[in-house]
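Undergrad: Okay, here's the prediction I keep looking at, along with the sequence it came from:
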Amino acid sequence: MKEIILLFIFVFAISFTGCGDKEKSPEEKKETSMQDNKKESKDPAGDSKDSDLKEKEAANPNSDPAVEDANKSNELGMTPGMPANFPADVPQPKNAKVIGSLTSSEGTMVTFESNEKVQDIINFYKEEMKQNGYVVSEDGELITPDKGGLINWKKQEKEVQLVLGYDKDKNISSLVITYK
């Protein structure tokens, strides 16, 4: 049960990240302004790279900044993109973008955002997971129509959980697929 609560908290934390305007203190404004100026500054050759990037390249000239950025995690500790071990028999949601993934002792959680309605996503997964040999586990499902919920599936030793939430302000559905 605590896994369910943690996943709900995780989904809603992601759903509401960035909502509302946070008033910055004068010190934060000054720091942001200094960082913006640093990024906009050009070197004498007219190159638009910021000095931080140039320092990284000088320290490790064989590194690829795009690869390094892809391997970094965001402020929630999520790794961008789809994990390599995502199960082939678990469908990805239609018309959704991958926000990132997070691996813990509870399994791997992959977060998506979609413009699809919650009920459409639920219907899609119920059909696809059944076709792929999954059955709803003993924990079953807890769904509030058009608002979200969760469904637990099992297939032999595999466990997959889908947690859904809907952000009416952004008009998007958030999905977290956890597998172990």
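TA: That came in fine, so what should we check first? Every value quoted in this text rests on a predicted model; they were computed, and no experiment measured them.
Undergrad: Provide a list of residue ranges in the protein with pLDDT below threshold.
TA: Within the chain, the segments meeting pLDDT under 70 span 1-76.
Undergrad: in it, which spans are helices?
TA: Ranges of helices within the chain are 2-15, 26-40, 51-59, 65-71, 118-131, based on DSSP state H.
Undergrad: roughly how far apart are residue 141 and residue 111?
TA: According to Cβ to Cβ, to the nearest Å, residue 141 stands 20 Å off from residue 111. Yep, even glycine has a C-beta here, placed from its N, CA and C like the rest.
Undergrad: more crowded one of these two?
TA: It is residue 111, of residue 141 and residue 111, that has more neighbours when counted by other Cβ atoms under 10 Å, with 23 against 14.
Undergrad: Just give the nearest non-adjacent residue to that one, would you?
TA: residue 99 (4.2 Å; Cβ to Cβ, 6 or more residues apart in numbering).
Undergrad: in terms of contact, does the one you found touch residue 109 like I think?
TA: No: at 10.4 Å, residue 99 and residue 109 do not qualify as touching, with contact defined as Cβ atoms under 8 Å.
Undergrad: Mind checking which of the two has more residues around it?
TA: A direct count of neighbours by other Cβ under 10 Å for residue 99 and residue 109 places residue 109 higher, at 24 against 19.
Undergrad: Isn't that one up against residue 174?
TA: No: using Cβ under 8 Å as the test, residue 109 is too far from residue 174 to be in contact (11.7 Å).
Undergrad: Pull the contacting residues for the residue nearest to residue 111.
TA: By Cβ atoms under 8 Å, 6 or more residues apart in numbering, residue 99 lies in contact with 14, 78, 111-113.
Undergrad: Equivalent analysis for residue 101, please.
TA: Neighbour list for residue 101: 78-79, 81-83, 108-111 [criterion: Cβ under 8 Å, 6+ apart].
Undergrad: ok, now with 6 Å
TA: Residue 101 is in contact with 79, 83, 108, 110, counting by Cβ atoms under 6 Å, 6 or more residues apart in numbering.
Undergrad: One more: residue 151?
TA: Residues in contact with residue 151 (Cβ under 6 Å, 6+ apart) are 141, 162.
Undergrad: So what sits opposite it in the bridge?
TA: Judged by DSSP bridges, the bridge partners of residue 151 are residue 141, residue 162.
Undergrad: That one and residue 171: what is the separation?
TA: Distance from residue 151 to residue 171, by Cβ to Cβ: 22 Å.
Undergrad: go on, residue 122?
TA: 17 Å.
Undergrad: Done for today, thanks.
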